[in-house]
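S.K.: sequence first, then the predicted structure:
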Amino acid sequence: MQLATVAKTLRVENQERRRHRRVQWSVRVRGLTGDGEEFQAMTVDVCAGGLRINLARPMSVGENLVLYIDDIGRVEGVVARVLSEIGYAIEFKVPPRKRDKIADQLTWLINRDRLGLTDEREGERRIGSGGQIVATFGDGIPVACTVADVSIFGVALRTTGPRPMIGDRVQVGERSGTCVRYIEGGFAVDFRTLHAEMGEN
């Protein structure tokens, strides 16, 4: 019983680490300090739990902020760490449900930029689905695809055209990866596999 509890705890912690994985992404942030002073900054990296900014203004740990992040909206936060004279780690002060929505939104926005996806979402359509993109593989064969699912690590694509072989290199927008499996009416590309192979050489 005790081992099962430990295993469950480890699974939850691993999920949290994946959910809060930091990704380099530069976007404008407008902010308001607790004293009502306005500022503007650019993000260095972001995750569902917070972001890192460079700002030529002194701030203290524990200082409350209201942030207006482009494409995300209004988020309350607090200065969690002072990283340098101009570097600060900001932790979001939001309920879990909103944190999950921020994670979904960040996933879409980051991959939209990196993969060149078109945003055809309406209302509350699931984040990351419905984007149109062209995947290229083999001898430069272009295939029109629809995004079935997208994450920071890869993308699942549906297509009525030919599919790459498992293990083939696939170019998706500006990113390259490897076809790792087939899904119904399509295939999945993992961007990490190609990076691992390049790192070994």
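M.R.: That came through, no problem. Since we're looking at a predicted model, the values are computed, not measured.
S.K.: pLDDT wise, what is Pro142 at?
M.R.: pLDDT recorded at Pro142 is 89.
S.K.: same thing with the one 10 residues further on?
M.R.: The predicted local distance difference test score for Ile152 is 66.
S.K.: kindly report the same for Arg112.
M.R.: At Arg112, the pLDDT value in this model is 67.
S.K.: now swap in Arg81 and tell me
M.R.: In this model, Arg81 is scored at 92, pLDDT.
S.K.: quick check: it touching Glu63?
M.R.: No. At 11.6 Å, Arg81 does not count as touching Glu63 under the criterion of Cβ atoms under 8 Å. Where C-beta positions appear, they are placed from N, C-alpha and C, glycine not excepted.
S.K.: looking at the two, which is more packed in?
M.R.: Remark: of Arg81 and Glu63, Glu63 carries more neighbours, 16 against 12, as counted by other Cβ atoms under 10 Å.
S.K.: the more buried one and Ile102, how far apart?
M.R.: For Glu63, the distance to Ile102 (Cβ to Cβ, to the nearest Å) stands at 21 Å.
S.K.: now Val155, which residues is it bridged with?
M.R.: Val155 forms beta bridges with Val150, Val189, as assigned by DSSP bridges.
S.K.: tell me the contacts of it?
M.R.: Shown in contact with Val155 (Cβ atoms under 8 Å, 6 or more residues apart in numbering): Asn111, Leu115, Val147, Asp149, Val172, Gly177, Ala188, Val189, Phe191.
S.K.: of those, which is the most crowded?
M.R.: Neighbour counts for the contacts of Val155 (other Cβ under 10 Å) peak at Val189, which has 29 neighbours.
S.K.: and the contacts of Val155, which is closest to Leu32?
M.R.: Asn111 (29.5 Å; Cβ to Cβ).
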